[in-house]
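S.K.: Structure for this input, please:
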Amino acid sequence: NTDVEDLTKHKMDSEQMFVEKDCCDIVNKAKDEGRKVVAVGTTVQRALEACVGTNARIKEYEGWINKFIFPPYQFTVADAMLSNFHLPYSTLLMLTAAFGDYDYTMHAYDVALKEDYQFGPFGDVMLIVD
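M.R.: Numbering: from 1, shown residues only. Down below sits the predicted model:
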């Protein structure tokens, strides 16, 4: 993918998703009971947002999605998210900044750089809560 200045023009690579009935039952029951839902990673976060219905409950889904999430974005399902420290200018960083608030997320990245955190898929992780 090439860099774009207007994020609405960015073409997202597709990911294959499988959101099965058991997952829907667990997540929807938690939402119904007022419990918190934590997305573990950006792929899970994207999958939740791709299969959510108008009632903020998720539906079974199998297929490919190319949903590009960037600030500002109103998340529907997850109340918290675990995320790696992603590389600059990545779609993963944009999704993380959309969930964690751009300024707060960039501050966390500043701290991570100063404290020599490890970036990338096998690096350190952060918990973002509302």
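S.K.: How about Gly63: what's its closest non-neighbour residue?
M.R.: Take Gly63 and drop its neighbours on the chain: the residue closest to it by C-beta to C-beta, 6 or more residues apart in numbering is Met17, 6.5 Å away. Backbone N, C-alpha and C define where each C-beta goes, glycine included.
S.K.: so how far is Asp103 from Val27?
M.R.: As judged by C-beta to C-beta, to the nearest Å, Val27 and Asp103 stand 29 Å apart.
S.K.: Comparing the two, which residue is more hemmed in?
M.R.: Shown here are Val27 and Asp103; by other C-beta atoms under 10 Å, Val27 has more neighbours (21 against 10).
S.K.: what helix or strand does that one sit in?
M.R.: Taking DSSP states H and E as the definition, one finds Val27 inside helix 21-32.
S.K.: tell me how far that helix is from the chain's mean position?
M.R.: When distances are taken as C-alpha atoms, centre = their mean, to the nearest Å, helix 21-32 is centred 18 Å away from the chain's centroid.
S.K.: and stretch 17-28, which residues are buried?
M.R.: Buried residues in stretch 17-28, counted by 16 or more other C-beta atoms under 10 Å: Met17, Val19, Cys23, Cys24, Val27, Asn28.
S.K.: Of all pairs in the residues you listed, which one is the farthest apart?
M.R.: Farthest apart among the buried residues of stretch 17-28 by C-beta to C-beta are Met17 and Asn28. That separation is 16.9 Å.
S.K.: And the helix or strand where Asp103 lies, what does it pack against?
M.R.: With elements taken from DSSP H and E, the one containing Asp103 is helix 102-114. Using 3 or more C-beta pairs under 8 Å, 6 or more residues apart in numbering; DSSP states H and E as the contact criterion, the elements in contact with helix 102-114 are helix 91-100, strand 125-129.
S.K.: Can you tell me what sits against the longest one?
M.R.: Yep, that's helix 91-100 we're talking about. Contact partners of helix 91-100, identified using C-beta atoms under 8 Å, 6 or more residues apart in numbering, comprise 7, 10, 12-13, 42, 45-46, 68-73, 75, 78, 81, 83-84, 86-87, 105-106, 108, 126, 128.
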